[in-house]
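Novice: sequence and predicted model, in that order:
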Amino acid sequence: MSNKKQRLGDALVQAGLLTPEQLAAALELQRTGGRRLGQVLVQQGLVQDLDVARVVADQLRLPFLSEGALRLEPQVARLVPEAAARRLLALPVREEQGKLLVGMVDPYNVFALDEIRALAGRPVQPAVLTERTLEAALRSLYALDDVSPSPRDAAADAAPPADAETGSFVLQDQAADAPVVKLVNSILQRALDERASDIHWEPLAEGMRIRFRVDGVLHEVAAPSRSLHAAAVSRLKVMAQMDIAERRLPQDGRFQIRLGDREIDLRVSTLPTVHGEKVAIRLLDRSQGLLQLEQVGFRPETLAAYRSLIRRPYGLVLVTGPTGSGKTTTLMATLSQLNAPEQNIITVEDPVEYHLAGVNQVQVNPRAGLTFATGLRSILRQDPNIVMVGEIRDRETAEIAVRAALTGHLVFSTLHTNEAAGALTRLADMGVEPFLLASAVSGVLAQRLARRLCPQCREPYALEPGNPVRTGLPLPDGPVQVYRAHGCAHCQQTGYRGRLAFFELMSVTEPLRDLVAKGAPTSAVAAAARAGGMATLAQDGVARALAGETSLDEVRRVAFTDLVG
């Protein structure tokens, strides 16, 4: 055993993570204290636990399980009791090729492996993880496992303590809460801790699945037993002021929670599926504040062109992209830039996500007959200078927005299109006359959100000519230096932390107006815009990758439509 631990130390020295003198001192402490060498090194602050785990995995040629890639299967993990898992510092993670993949802090401990084999009654395959990753997995797994359905009615159990004035809920001490309340609070708390933008509660045929969207990508977290799903959904429905008795139709609602000094808005949507109701929750942290235009992420030349566009006294400016691409954030930052006492700014939104001081914001209410079209029509009677329509969804709204731009108003709105040029075709498809579009539209900004490389662990590498990674990407000729994701504790082993935007700004020039007025197809408009100097989404993404802000993998994932178009 000591020889094997000596080899670990030698490997750390060879990797440049430890000096021979530090290893000798650590070995002396290890002999006198009876602890593992890796444990001594970490406690002394000589190496990181991740470094030790990676070296051990390389030594023994075993898989390394980072926290971000753990993919824990709860039914497999529960084959070993919590007490045994903590004592053995090992936990079954999932089943692979007929064997249990067992994450171990000390894979040299063959006795622990034998005990898990006996407890689970199946063949095992060891893998390496850190003690911190193991503890997080156990805490998540058994915290949820301890929650059991309350014998009381789910709705009564779910009745939450709310602030009478604000209508917001407080994430209280979970030990004092009812079981279902504890479960829901636990999931919400973890989602906030992991910077999730969305939570998905999904009933499956033989269980349930909970997934968080972090930096735009979904990943699965440990879920409780299937028997708790209906009660948890009822709790969420009560919080969002939805009908808990209606399970056959989709519903929408919203509520707020307070976490310390943070106010979190949550939008809840339910959808009936064959296995039960699926719930999607969008989280918006109001404490983060509104971004300024300089903080949205434009490159300097794009920011200068966009500012020139929004300083015009009239015209229609569109922001396009898929759901969740940051369109509303960009528009709110734009209105914040234009907000001044001499400007009468009115918006019609669904929902109002950001509150701007000095701006008149209208919430759409279809049940009361207040749609985007009716709201926009009324706004134009309020003597506005600047109008923002949350989204153009139909012909009526599109025509009113276009006519408002033609009658001296500066109008902003959003559309769901894949590229900037496609916005004009989309409006024409809705029924707006091309000659009106040619006169009204000043510019279109298409955008996407990509994951930002973790600055603490990103890895530079040289990309040579001829490398297949370059295929389809607008990279400069010759070798270039780019960066790739690695993974560390700061980014939860994903290699990414936070997001940034790619932009494609198309200013509608006279040549483009002629094409639009003639009803030219999207491809012709896009080609003319590129000939006029428009940088595409892929070009903007590649510029960000060359600057070390993101990876080429993200550029390919996010700007795929542009690359193949």
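Specialist: Alright, I've got the coordinates.

Novice: OK, contacts around Leu134?
Specialist: Taking CB atoms under 8 Å, 6 or more residues apart in numbering, we find Leu134 in contact with Ala85, Leu89, Ala90, Leu91, Gly103, Val105. Glycine gets a C-beta too; all of them are placed from N, C-alpha and C.

Novice: can you select the buried ones from the residues you listed in PyMOL?
Specialist: Command for PyMOL, covering only those of the contacts of Leu134 found buried under the criterion 16 or more other CB atoms under 10 Å:
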select buried, resi 85+89+90+91+103+105
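
Novice: rebuild the contacts of Leu134 as TSV, extending it with distance to Leu70.
Specialist: Shown next, in TSV, are those (distance: CB to CB, whole Å):
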residue	distance to Leu70
Ala85	14
Leu89	15
Ala90	14
Leu91	10
Gly103	7
Val105	14
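
Novice: which one of the contacts of Leu134 is nearest Leu188?
Specialist: Leu91 (25.0 Å; CB to CB).

Novice: let me see the contact set for that closest one.
Specialist: Ala77, Val80, Ala85, Val102, Gly103, Leu134, Ala137, Leu138.

Novice: do that again at 10 Å, thanks
Specialist: 65, 70, 72, 76-80, 82, 84-85, 100-105, 116, 129, 133-134, 137-138, 141 (CB atoms under 10 Å, 6 or more residues apart in numbering).

Novice: mind listing which of the residues you listed are in helices?
Specialist: Val76, Ala77, Glu82, Ala84, Ala85, Ile116, Thr133, Leu134, Ala137, Leu138, Leu141 (DSSP state H).

Novice: report the separation between the closest residue to the fifth one other than its chain neighbours and Glu277.
Specialist: The shortest distance from Ala85 to any non-neighbouring residue, by CB to CB, 6 or more residues apart in numbering, is to Leu91 (4.6 Å). Going from Leu91 to Glu277 by CB to CB, to the nearest Å gives 31 Å.

Novice: of the contacts of Leu134, which is the nearest to Val558?
Specialist: For these, the nearest to Val558 is Gly103 (31.9 Å; CB to CB).

Novice: phi and psi next, for the nearest residue to the closest one once chain neighbours are set aside.
Specialist: In space, and not counting its chain neighbours, Gly103 is closest to Leu129: 4.1 Å by CB to CB, 6+ apart. With angles defined as degrees, to the nearest 10, Leu129 sits at phi -140, psi 170.

Novice: what's the answer for Glu549, then?
Specialist: phi -80, psi -30.

Novice: may I have stretch 26-36 as PDB, with CA atoms only?
Specialist: In PDB, the C-alpha atoms belonging to stretch 26-36 read as follows (Å, rounded to 0.1, in the frame of the first residue of the first chain):
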ATOM      1  CA  ALA A  26       3.900  15.100   3.200                       C
ATOM      2  CA  LEU A  27       5.000  11.400   3.400                       C
ATOM      3  CA  GLU A  28       6.300  12.000   6.900                       C
ATOM      4  CA  LEU A  29       3.000  13.500   8.000                       C
ATOM      5  CA  GLN A  30       1.100  10.600   6.300                       C
ATOM      6  CA  ARG A  31       3.100   8.000   8.200                       C
ATOM      7  CA  THR A  32       2.500   9.700  11.500                       C
ATOM      8  CA  GLY A  33      -1.100  10.600  11.000                       C
ATOM      9  CA  GLY A  34      -2.400   7.500   9.300                       C
ATOM     10  CA  ARG A  35      -4.100   9.400   6.600                       C
ATOM     11  CA  ARG A  36      -4.100   9.000   2.800                       C
END
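
Novice: mind listing what's buried in that stretch?
Specialist: Applying 16+ other CB under 10 Å to stretch 26-36 flags Ala26, Leu27, Gln30, Arg36 as buried.

Novice: what's the pLDDT at the first one?
Specialist: When you say that, I think you mean Ala26. pLDDT recorded at Ala26 is 77.

Novice: enumerate every residue touching it.
Specialist: Ala26 touches 9, 12, 18, 35, 37-44, 46-47, counting by CB under 10 Å, 6+ apart.

Novice: gap between Asp114 and Ala57?
Specialist: 20 Å.

Novice: so the two - more neighbours on which side?
Specialist: Ala57 (18 against 11; other CB atoms under 10 Å).

Novice: hmm, the more buried one is touching Pro63, no?
Specialist: Yes: the criterion here is CB atoms under 10 Å, and Ala57 meets it with Pro63 at 6.8 Å.

Novice: got the buried residues of stretch 26-36 as TSV, with secondary structure columns?
Specialist: As requested, those are exported to TSV (DSSP: H, G, I helix; E, B strand; the rest coil):
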residue	secondary structure
Ala26	helix
Leu27	helix
Gln30	helix
Arg36	coil
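
Novice: closest to Leu249 out of these?
Specialist: Taking those together and measuring to Leu249 by CB to CB, the closest member is Arg36, at 56.9 Å.

Novice: one step back: what touches both of Ala57 and Pro63?
Specialist: Joint contacts of Ala57 and Pro63 (CB under 10 Å, 6+ apart) are Pro126, Ala127, Val128, Leu129.

Novice: just those residues now: which is nearest Asp215?
Specialist: Among these, and counting by CB to CB, the member closest to Asp215 is Leu129, at 22.3 Å.

Novice: residues contacting the closest one?
Specialist: So Leu129 contacts 49-50, 53, 57, 63-67, 70, 89-91, 93, 102-105, 107, 136-137 (CB under 10 Å, 6+ apart).

Novice: could you check how far it is from Leu101?
Specialist: In terms of CB to CB, Leu129 sits 10 Å off from Leu101.

Novice: same deal with Pro322?
Specialist: 35 Å.

Novice: next: Glu419.
Specialist: Glu419 is 43 Å from Leu101, by CB to CB.

Novice: then Leu463?
Specialist: From Leu463 to Leu101 the distance is 34 Å (CB to CB).

Novice: can you check Val110 too?
Specialist: 17 Å.

Novice: more neighbours, these two?
Specialist: A direct count of neighbours by other CB under 10 Å for Val110 and Leu101 places Leu101 higher, at 20 against 10.

Novice: so who does the more buried one touch?
Specialist: So Leu101 contacts 63, 65, 71, 73, 76, 91-95, 124-127 (CB under 10 Å, 6+ apart).

Novice: may I have the beta-bridge partners of it?
Specialist: Taking DSSP bridges, one obtains Arg94, Gln125 as the residues bridged to Leu101.

Novice: give the contact list for Leu546.
Specialist: By CB under 10 Å, 6+ apart, the neighbours of Leu546 are Leu463, Leu475, Pro476, Val480, Gln481, Val482, Tyr483, Leu552.

Novice: find me the pLDDT at the nearest residue to Pro81 once chain neighbours are set aside, would you?
Specialist: Distances taken as CB to CB, 6+ apart place Leu119 nearest to Pro81, at 7.8 Å, with adjacent residues excluded. With respect to pLDDT, Leu119 has a value of 84.

Novice: quick revisit: from the contacts of Ala26, pick the one nearest Gly548.
Specialist: Val47 (26.2 Å).

Novice: next, Arg226: phi, psi?
Specialist: Per degrees, to the nearest 10, the backbone of Arg226 is at phi -60, psi -30.

Novice: tell me which element Thr270 falls in.
Specialist: Under the criterion of DSSP states H and E, Thr270 resides in strand 262-273.

Novice: by contact count, what packs against that strand?
Specialist: strand 168-170, helix 179-193, strand 196-204, helix 229-239, strand 251-259, strand 276-285 (3 or more CB pairs under 10 Å, 6 or more residues apart in numbering; DSSP states H and E).

Novice: export those to JSON lines and tack on mean neighbour count, mean pLDDT and distance to Cys488?
Specialist: JSON lines is the format used below for the helices and strands packed on strand 262-273 (neighbours: other CB atoms under 10 Å; pLDDT from 0 to 100; distance: least, CB to CB, whole Å):
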{"stretch": "strand 168-170", "mean neighbour count": "18", "mean pLDDT": "56", "distance to Cys488": "34"}
{"stretch": "helix 179-193", "mean neighbour count": "20", "mean pLDDT": "82", "distance to Cys488": "17"}
{"stretch": "strand 196-204", "mean neighbour count": "19", "mean pLDDT": "92", "distance to Cys488": "19"}
{"stretch": "helix 229-239", "mean neighbour count": "24", "mean pLDDT": "88", "distance to Cys488": "33"}
{"stretch": "strand 251-259", "mean neighbour count": "17", "mean pLDDT": "85", "distance to Cys488": "26"}
{"stretch": "strand 276-285", "mean neighbour count": "19", "mean pLDDT": "91", "distance to Cys488": "24"}
